[in-house]
Each structure stands twice: as C-alpha cells, then as structure tokens.
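1. Structure here, sequence nowhere to be found:
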C-alpha cells in the first residue's frame, strides 16, 4: 500500500482541506492518507478551536486514514523545528511522499531553492545575522537573507506562509536524506490570513473569526466545511460549553506573570533577549489578551512569537525541559490519535519496520515528552467547568479513535 | 503616650473584637491601640473575606489607632512563627503591653507554663518527636508533649486555639526578652469555631458561614458587627463584585498542580514529607476545593496545614525564598496600613527610636519580602474581573489610610 503524508492543523477542518486531500491523492497515487497534526496548541501559538480528538474525528470521516499527533515540543515552534518534527513523524510510519500546498503548485523551485541555500549557506547566515542585528524579526531577517543569496520571489516567494512551511518540509527531507518524495499542489484561491468568508473554500482564519464573532454559531458558514466538521464543532461545544480562543486564557496568563519573579519568568521556553521584562511591565496595564500582546509587540518580537511564549507560559514549559529532550536529533515515539480500517491495515504492515514505538494513550512511565503533552492537555482544558474538563481530559487515556467505513 | 498591642485578623471585624479592644484598653491603661493584622491571607491558610484595606478602614473607625500589616511570610505560618512576627512588629513600634483573649482570662498559667516549658525543654522535644513519629499532626503531638511535661488542661488548656496562640505570644516575648507586658482577657461566650450566629457576639467563623450561604448578604447578621464593618463589607462587594472564599480559587490551584512536575511542586514552601504526591494524585479527582482537601487530609496532614500549602502554591512561594529571608532572626521593616490622628501622634514620637524603617506603600527596590507581598496581593485579586483587580491592587501603591476623628 502506498502512503502520502500531510502536515496539518485542521483548525477547523474545512473544504480547502478536503480539496488538499483529494489533490494529494491524485498526484501521489497513494491509497492511504497519513496526517500529522498539531495537538491542542498550534504552530502560531494559539489554542485550537476544539481539541485534537474532535478535529481527528472530523478528518477520519472525510479522507484521512491515519492521524498522528505532532508532539507539543515540535508543534509550538518556529517553522524549521515544526517541519522537522512533522517530516520525521511521517517518515517513521514509512510514507512514500509528502504533499503540501504552495502558491505556484510547482515543486521545482523548492528543490532548486534548497540547492541554492546549501551552496550559499555561509552567505545566508551572514546576512541573517546582520538583519537580526538590525532588529528585524526572524521571518523578515530570513527573507532578506534569502534575497541576498538569490532566492527572490521570482523563483519562490518566501514571504508567503505556505511557501515558508513548504520550503521547511523540503529542507527537512533533504537535510536528513529521507526517501520521501516531496510534492506540492497549488493552493486554492483564499489567502491564509483572509478574515472574511467569501466562498465555499474559505481560510481557517476567516472561519474562526466568524465562529467567535457570531454568538458561537456555525450555521451561516456551514457551506465552507464538510458536515463532519459541523457535527464535531457542535458536539464539542455541547461537551465543553465553549470553543477555545486566547481571550479565555487571559486571566490565567495574567495570574501566572503576576505571581512569578523575573528570573523564573526567564526560565520559560522561548523567553529570550529580555522579553520577560516587557511581559512583566505590561502585565499590570493589559485589559485583554489582544491588548496585552499589542503592548508587548515590537519590530523584533512578532505577534506569533509572543503567542508561542504565552503557550509555553501557560503549559509551564521550561527551557531546561526542552533542552533535555534533544528534539533536534530524533523523535522518540509516534503518537496515534486515530485511524480508519484502511489505516489499520497499512500500519499493521509497517509496524515491524518501525524504529520507534507507537504510543496510543498517556500512561505512567511514558517518555518525558509525554509529561509535557499531559500538562499541555490540562492547560488547554483548564478554562472549562470542572465536570467538563475531567471528562475531556480522559480522552488522553483511551485507545485511539477507530473509524470503520 | 502608652500603647497596647493586639494581634488580629479581623475576618471580619465584629462585636467580639470591639469588646476585645475595650477590655484591653481598660486593663492596659493604654491611650493608643496598635494592631498587627494578617494581610489578604490568614494564619489558617485562607483568603480573607475582603482585602486588608477594607478591614483596616473598619477597625480604624472603631477603636484601633494604628494598623500594621503582618508580613505574608509570618502570617501564613504555624502559630510559633505567626506569633514571633506579630510580637516583633509590635515591639518595633514600642508597645508597652500586648493583650490577647484566652479561655480563663488569667495570665499567671501562661507565665508559669512558659517557665515549665523552659525547664523541661528536652523532655518536651523528646515526646514531641515520638508523637510526630506515631503519625500525629503537629498540634496533636504538641498537646501530648505538653501533657508529658505537666502542662495539663488544669493549668492551661493547650488544645484551644486561643490558648495556643496566647502561649505563643508569651513565649515570643519571653524568648526574646522584650520589655512588653503580656496581658490577657477572658474571651466572650462564643467559641472560635462556632458555626452558627446565636448572639450579638458571634464567632468570625459563623459570620463568614452566613455571608457565603445567604446570597452574599449581611442584613440578617448586621447586629453582630459594628456599622463600619457592614459599610466596608457592602463597599467591598460593590468594588470587587464578590467576597473571597477558597472555592473561588479552586480552578487556579487545579491548573497550577496539573501543569507542574512533581519536583517543582516539591519546591513550594510547606510541601513536606511527600505531601506533593498526594496533592498531585488527588488533583484529577477533585470536584471542588473542599472535596480536594478532604481527599488529601490524613491524621498527620491537618486541614489547616494543607490550606497553608495551597496559599503558598497560589502565591508561588518557594522554600528557597523563605529560607533566604531569615525570618527567624529579625523583621526588616514595619508596614503601615492605616492610622488615626492619635496613632499619628504616637508614631511621630516613636519614629526616631525605631530600628527598622516604616514602609507605607509598595514601590520598586523594596525589600524582597515585599515582592512576596506584591505577589500575594495579585494572587488574592486574581479571581476578580480585570477592571476590578487593577483598581484594588492600586491600593498597595497609595499612602496609608488616614482616619481623622
């Protein structure tokens, strides 16, 4: 059986994602679709609208055969580490290809771009350092450095989020010399950051915006998502009493910052270059989560970077913990969130050749990386009434979701 | 001017406290009444019903001339450290006497009890260790050890909370050879722990119980408190939207414990003998604050001790912080919460002879003990809506309350 891997967040799973699965199937010729998905916290440093289990259910009913969880330690990171963790996870279960969406839908500039980057590594780094020293944020500095080595937007536009991520996947595959075929499809019309829903293929950003602005109802935008997502969104809202947005966590973050001394704050993962002083100073004046970030933000500290720091603060993730996990060298396990019958058949054929164990649920004596997963899960549900959070957390202790069809 | 010191919590200030002030005035012959009061968290490990500023206002309008704050580091502690901090604070402002309530109203057994204790110190300690090894709680073990050295309830009943505290004050005065005259008055009929209001002199416990059980209204029990307290209770409820009880903090505590690894939990002040494992294990099953403590409680870990640990967890107070403060040897400052004109005249006369500074508000570069005070204050208000907590916290930055009369 041939497998194609997808790197996803499904926040939430919508028609654009269905399109992605179908196109990837076509160009890869794969029978089995394997996704690696961020858990309850996402790459841009945000809580997911609903938990990973409900997002998994929606995806398994609409084209995904195996859903793996990208460990927290990779999920809430810059694009390079995020891509590394994702590609490695997919590689562990032996996918033949990985297919991502890009602006052009052409894989050639990604491959030649990687060659150029390799050849001019030292020049790239030199310009990157210079740009960072000027006070630019990492994404902006990186863009300048790419231009300096000739990777201009004519070849591949590395200012577009999808291209940045795609280039990271290709780089991760090439760097580790994996026998995975990188594929890309042209992404559909809606832009990543579009804020309004205009057609049946809408951005996840615009869908979320609608969800939180319209009395938590999905009705008016149900034509943008498969019915399975609508069901899971309604289902989750019933079980949890709400969907999750950063504003729900504001009082926890504020409480944490106001009861931590500056040196303890500095020990949180991602807290660098003295940003802890800005976070502490602004805490007493913040009136909402949004207001707080806008008070912290500078040219160098991007919105996304600050949000990621806040996730680590919420989950109490220390620099020392991340350092001890050696995430740059290997992944210690593959966490299985759910699968279909086809996915099960595929995994049964692969299990024996795998280098790392498949983890199906949290239990004692798990890997330290899973303790972090447990904390992230508790932190995610912490805003819910006590009876709901207990029930929802228990999903971590069950066997993977099995979708018969 | 002669001054008499009182050790108080005023949670809330009621008719029994007015009686205490009046009787203390009589037997001490003092002109100026000085109180040292626990701040927002109390000796038995509880948040105060309303904050220290509103409790101060009520007391200044009804007999107290100077209100000092007992630092957090002494307030949320066992009776010995609590007494040490209180007596030292009162000594710093030069009180002539300290007057406390006791079961008998006779100071003689306290003084002779202290002599006995001194003479038989080693026997006391031996029996104390034995009793603790049997698994008894400290209060119970201490009672057994006192009996062993002849301090039976005929002389002084050291199972009664007021007598235990009184004995601690006398011991603190004697141990440090302070020129303070210990005085005691017989306490009024209601018992410390009585849960129902039966007369105009009711216990603070019964008053609090009523406040939280009757739709947060004071009307039916207003005859148990001076009108100034009624005003401040209503006033606080308007400004804060609620009075404070442990249940309000349950979700913060749960969030904290569920996002901390066991070794970090063990670093919290008061966390001893592996109680962190019990706290962690029971966290996932607790349905309320009350339910949680009842699941943690054993013969050795008393309700009060667990509550104190929870206060330190909420305020993020580390063992290492408390250790570095050397609280056993001296107090670094006296914090002034409020005063009357008479109190001001008294303090002006004493200032020059004082060994430590009077701190009137929180500001930068304060003593590290005040950083803890700041965190405790933030933690206390953290349950309130954002606009209220900001306003109430600002009281820490104002000059002391001045009551002209």
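-> Yep, that arrived. All of these numbers come straight from a predicted model, not from anything done at the bench. Residues are numbered from 1 along each chain as shown, chains lettered A, B, ... in the order given.

2. my guess is residue A:49 meets residue A:205, correct?
-> No: Residue A:49 is not in contact with residue A:205 according to Cβ atoms under 8 Å; the separation is 11.2 Å. (Glycine included, C-beta is placed from N, CA and C.)

3. Compare these two (neighbour count), which wins?
-> residue A:49 (23 against 18; other Cβ atoms under 10 Å in any protein chain shown).

4. so what's the residue of the stretch 151-300 of chain A with the smallest separation from chain B up against?
-> When distances are taken as Cβ to the nearest Cβ, the stretch 151-300 of chain A approaches chain B most closely through residue A:258, which lies 3.7 Å from it. Contacts for residue A:258 (Cβ atoms under 8 Å, 6 or more residues apart in numbering or on different chains) come out as A:283, A:284, B:375, B:378, B:379, B:382.

5. How many neighbouring residues does the closest residue to chain B within the stretch 1-150 of chain A have?
-> Using Cβ to the nearest Cβ, residue A:72 is the residue of the stretch 1-150 of chain A that sits closest to chain B, at 12.1 Å. Here the number of neighbours of residue A:72 (other Cβ under 10 Å) works out to 26.

6. any idea of the pLDDT on it?
-> If you check residue A:72, the pLDDT there is 96.

7. so who does it touch?
-> A:39, A:41, A:315, A:317, A:369, A:372, A:373, A:376.

8. nearest residue to it other than its sequence neighbours?
-> The spatial neighbour of residue A:72 that comes closest, neighbours along the chain excluded (Cβ to Cβ, 6 or more residues apart in numbering or on different chains), is residue A:376 at 4.7 Å.

9. what about the one you found, which helix or strand?
-> Using DSSP states H and E, residue A:376 falls within helix A:368-381.

10. How about residue A:355?
-> Following DSSP H and E, there is no helix or strand that holds residue A:355.

11. isn't it right up against residue A:94?
-> No: here residue A:355 does not reach residue A:94: they are 10.5 Å apart, not a contact under Cβ under 8 Å.

12. higher neighbour count, these two?
-> A side-by-side neighbour count of residue A:355 and residue A:94, using other Cβ under 10 Å, places residue A:94 first with 19 against 9.

13. Run a quick check on the more buried one versus residue A:352, I expect a contact.
-> No: between residue A:94 and residue A:352 there is no contact, the gap being 10.8 Å when judged by Cβ under 8 Å.

14. Identify the contacts common to the two.
-> Taking Cβ under 8 Å, 6+ apart as the contact criterion, no residue touches both residue A:94 and residue A:352.

15. Around chain B, pick out the residues from the stretch 201-350 of chain A.
-> When proximity is defined as Cβ under 8 Å from any Cβ of the partner chain, the stretch 201-350 of chain A approaches chain B at A:250-252, A:254-255, A:258-261, A:264, A:284, A:286-288, A:314-316.

16. Sort out which of those residues are buried, if you could.
-> With burial judged by 16 or more other Cβ atoms under 10 Å in any protein chain shown, the buried subset of these is A:250-252, A:254-255, A:258-261, A:286, A:314-316.

17. Reformat these as a markdown table; add pLDDT.
-> Written out in a markdown table, the entries for these read as follows (pLDDT from 0 to 100):
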| residue | pLDDT |
| --- | --- |
| A:250 | 97 |
| A:251 | 96 |
| A:252 | 97 |
| A:254 | 97 |
| A:255 | 97 |
| A:258 | 97 |
| A:259 | 97 |
| A:260 | 97 |
| A:261 | 95 |
| A:286 | 96 |
| A:314 | 98 |
| A:315 | 98 |
| A:316 | 98 |
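
18. Closest one of these to residue B:77?
-> Nearest to residue B:77, judged by Cβ to Cβ, of those is residue A:259 at 18.9 Å.

19. mind listing what that closest one touches?
-> Shown here is residue A:259, whose contacts under the criterion Cβ under 8 Å, 6+ apart are B:314, B:315, B:316, B:375, B:378, B:379, B:382.

20. And it, how close does it get to residue B:321?
-> 12 Å (Cβ to Cβ, to the nearest Å).

21. What of residue A:28?
-> With the distance defined as Cβ to Cβ, residue A:28 ends up 57 Å from residue B:321.

22. before we move on, what about residue A:236?
-> According to Cβ to Cβ, residue A:236 stands 41 Å off from residue B:321.

23. And these two? Which one has more around it.
-> Set residue A:236 next to residue B:321 and count neighbours by other Cβ under 10 Å: residue A:236 wins out with 23 against 20.

24. Contacts only, for the more buried one.
-> A:50, A:51, A:54, A:243.

25. Quick one: residues in contact with the helix or strand containing residue A:312.
-> With secondary structure defined by DSSP H and E, residue A:312 is part of helix A:303-314. By Cβ under 8 Å, 6+ apart, the surrounding residues in contact with helix A:303-314 are A:41, A:44-47, A:76-77, A:137-138, A:246, A:249, A:252-253, A:256-257, A:265, A:268-271, A:275, A:279, A:293, A:296-297, A:317, A:379, B:259.

26. Show me what from the stretch 51-200 of chain A comes close to chain B.
-> Residues of the stretch 51-200 of chain A that fall close to chain B, judged by Cβ under 8 Å from any Cβ: none.

27. And the helices in the stretch 51-200 of chain A?
-> A:52-60, A:72-75, A:79-92, A:108-119, A:121-133, A:138-148, A:161-175 (DSSP state H, counting those that start in this stretch).

28. and the angle from the longest one to helix A:79-92?
-> Between the axes of helix A:161-175 and helix A:79-92, defined by axes from the mean of the first three to the mean of the last three Cα atoms, to 10 degrees, the angle is 60 degrees.

29. List the buried residues in helix A:161-175.
-> Taking 16+ other Cβ under 10 Å as the basis for neighbour counts, the residues of helix A:161-175 that come out buried are A:161-174.

30. and the two most separated of those residues?
-> Pairwise distances across the buried residues of helix A:161-175 (Cβ to Cβ) peak at 20.5 Å, for the pair A:161 and A:174.

31. any low-confidence regions in chain A?
-> Counting by pLDDT under 70, chain A has low-confidence residues at A:189-195, A:198, A:214-216, A:364-365.

32. care to break it down by domain?
-> The domain map for chain A lists A:3-103+A:186-190+A:329-403, A:106-159, A:246-324, with the assignment taken from automatic domain parsing.

33. Can you give the contact residues for the strand or helix carrying residue A:33?
-> If you go by DSSP H and E, residue A:33 is part of strand A:32-38. Residues outside strand A:32-38 that contact it (Cβ under 8 Å, 6+ apart): A:1-10, A:21, A:24-25, A:48, A:52, A:55-56, A:59, A:63-70, A:75-76, A:85-86, A:89-90, A:93, A:95, A:337, A:342-343, A:346.

34. Note down every partner strand of it and its orientation.
-> Partner strands for strand A:32-38, per DSSP bridges, with pairing direction: strand A:3-8 (parallel), strand A:66-70 (parallel).

35. now those strands in JSON lines, with mean neighbour count?
-> Below are these laid out as JSON lines (neighbours: other Cβ atoms under 10 Å in any protein chain shown):
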{"stretch": "strand A:3-8", "mean neighbour count": "25"}
{"stretch": "strand A:66-70", "mean neighbour count": "27"}
